[in-house]
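[1] Sequence first, predicted model second:
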Amino acid sequence: MIFANKYRPKSLDDIVGQEHLVGKDATLRKIIESNKLPHLFFYGPAGCGKTTLSRNIANKLSLPFYELNATTFKIEELRNILKNHTNSLQKPLIFIDEVHRLSKTQQEVLLPFMERYDAIIVGASTQNPYYALTSAIRSRSHLFELKAVENDSLLRLLEMITKQENISIIKDAKDYLVNSSGGDARAMIGLLESACDIENPITLKTLKSIRPNAMQQGISEDGSHYDLASALIKSIRGSDIDASIYYLARLIEGGESGDFIARRLCIAASEDIGNANPNAITLASSVLNIVLHIGFPEARIPLAQLVVYLASSPKSNSCYSAINMALKAVQDGENLEVPSHIKTHSKEYLYPHDFGGFVEQEYLGKKLQFYASSGIGFEKTLQEWHEKITKK
């Protein structure tokens, strides 16, 4: 029997790591034990136990379990599953892996089933689904993050398996098995199984002949997939070119998708550079398009070009701050009536082009200010243009 299947946890108590979710006093554990399970979405690095957790939740609550994948998801398949449980006392638990790959149309199709609670939808992703799921899906579910399995937990799992299977491992080989697996329990078990097919006791030389380099999968002992992405953006924001290139390399070498990296860089181009260098968002958009079409390994080159450009650019978050302030004002109840002279088909509207490009008139019923130019880079030029136009 394949070790990964043989030693898959059979209950919540058997799960390695994830104490913050399935520990005795953890919130998710209490939700599960209340037997009032909402729709759930799990995210975290590969091999941390997302599918296993979902299976064990179904086992704990005696729910029929169905495993689907977003890359091959068909709504007819879901309808057939639900049809088979029309008169069932237990709702099925529908597990959808790679949920970040669901299209918006597929998500919209899911909504009625979630709304009626025809089934319990549980999704899993290696990416934070907050960026991939629509607000309608998120409002009907809870999101929980799984962490990479810590080395202490991996070591306990390894020692349990080797004892059960009567496998001997040389000390440095045992250290390598744990430390090189990057928090991925499945990867560690797979390497162990391959090595024990070759020799017993297992040596470091054999392990390295199978896996020459430590796995990262976006994960290392000192930082997760999300920490690395955050470090990349913060290094760009801080104009540190070498640090930015380093974290880009970590993400690439860790197996991160090029489009994920490019999307994060597009956000940085707008949030952190903005109109201080408006060409940044154009270049970022172009690189995203290039990466989607060419893929790795060539995609590393335009990504590196963009990272250096962004880190070298003048920085301004004026637009980012302005929209955040405006949104907060609206959310706090600042819902102003549109002045009558700028409503549709108003006869009182003063057309600026009839006045040489600018004419003084009121556009808000109340004096509000959200935007303040940083005076940095091209933003200074824009401010000068605006002052000249409005003659301030």
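    Done, it's in. Residues are numbered from 1 along each chain as shown.

[2] so where is the stretch 1-150 of the chain shaky, pLDDT-wise?
    1 (pLDDT under 70).

[3] ok, which stretches of it are helices?
    Under the criterion DSSP state H, counting those that start in this stretch, the stretch 1-150 of the chain contains helices at 3-6, 19-22, 27-33, 50-60, 75-83, 104-116, 135-139.

[4] how about the strands of the protein, start to end?
    Taking DSSP state E, the strands of the chain run over residues 39-43, 65-69, 93-97, 120-125, 141-145.

[5] what packs against the second one?
    It refers to strand 65-69. For strand 65-69, the contact count by 3 or more Cβ pairs under 8 Å, 6 or more residues apart in numbering; DSSP states H and E identifies helix 50-60, helix 75-83, strand 93-97 as packing neighbours. Glycine gets a C-beta too; all of them are placed from N, C-alpha and C.

[6] Can you get me a residue count around the nearest residue to Gln164 once chain neighbours are set aside?
    Distances taken as Cβ to Cβ, 6 or more residues apart in numbering put Tyr7 closest to Gln164, at 7.9 Å, once the chain neighbours are dropped. Neighbourhood size, Tyr7 [other Cβ atoms under 10 Å]: 18.

[7] check contacts around Tyr7.
    Neighbouring residues of Tyr7 by Cβ atoms under 8 Å, 6 or more residues apart in numbering: 157, 160-161, 164, 189.

[8] Please identify which of the helices and strands packed on strand 65-69 is closest to Ile236.
    Ile236 sits nearest to helix 50-60 of all the helices and strands packed on strand 65-69, at 30.1 Å, using Cβ to Cβ.

[9] Please name every helix or strand in contact with the closest one.
    Using 3+ Cβ pairs under 8 Å, 6+ apart: helix 50-60 touches helix 27-33, strand 39-43, strand 65-69, strand 93-97, strand 120-125.

[10] about what we covered before: to Arg211, which of the helices of the stretch 1-150 of the chain lies closest?
    Closest among the helices of the stretch 1-150 of the chain, using Cβ to Cβ: helix 3-6, at 15.5 Å.

[11] what separates that closest one from the chain centre, distance-wise?
    Helix 3-6 has its C-alpha centroid displaced from the chain centroid by 28 Å (Cα atoms, centre = their mean, to the nearest Å).

[12] if we can go back for a sec, deepest of the helices and strands packed on strand 65-69, which one?
    Of all the helices and strands packed on strand 65-69, strand 93-97 has the most neighbours on average by mean count of other Cβ atoms under 10 Å, namely a mean of 23.

[13] just to revisit the earlier point, of the strands of the chain, which approaches Gln305 most closely?
    Nearest to Gln305 among the strands of the chain is strand 120-125 (29.0 Å), distances taken as Cβ to Cβ.
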